[in-house]
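sharing a model prediction with you, sequence too.
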Amino acid sequence: MAYSSTTLLLSLPGGSEWLLVLLAVLLFFGGKKIPELMRGVGRGIREFNDAKNNVKSEIEDGMNEKDKK
């Protein structure tokens, strides 16, 4: 039974929970700061994806070099 309660804690929020989260963000940051915050999140996601793709290509290049030898 402990396993099933653990999975409940890891589930994604539903519609009403998202509404509460968005309301809290609006209250904490205010309307003018939210676009700035979202740009920062977008840059972070873009940098993460770029780094992920670089690591993936380096691993694939290393595997191709190993296969050639």
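Perfect, thanks for sending it.

count the neighbours of E17 for me.
E17 has 10 neighbouring residues, counting by other C-beta atoms under 10 Å. C-beta: built from backbone N, CA, C; applies to glycine.

now do the one 5 residues further on
The burial metric for L22, expressed as a neighbour count using other C-beta under 10 Å, is 11.

relative to R39, how far out is it?
Distance check for L22 against R39: by C-beta to C-beta, to the nearest Å, it reads 17 Å.

can you check V25 too?
V25 is 15 Å from R39, by C-beta to C-beta.

more crowded one of those two?
Higher neighbour count among V25 and R39: V25, with 13 against 10, using other C-beta under 10 Å.

where does the prediction get shaky in the protein?
In the predicted model, the chain carries pLDDT under 70 at residues 1-10, 69.

hey, where'd the helices end up in it?
Along the chain, the stretches classed as helices by DSSP state H are 2-9, 15-68.
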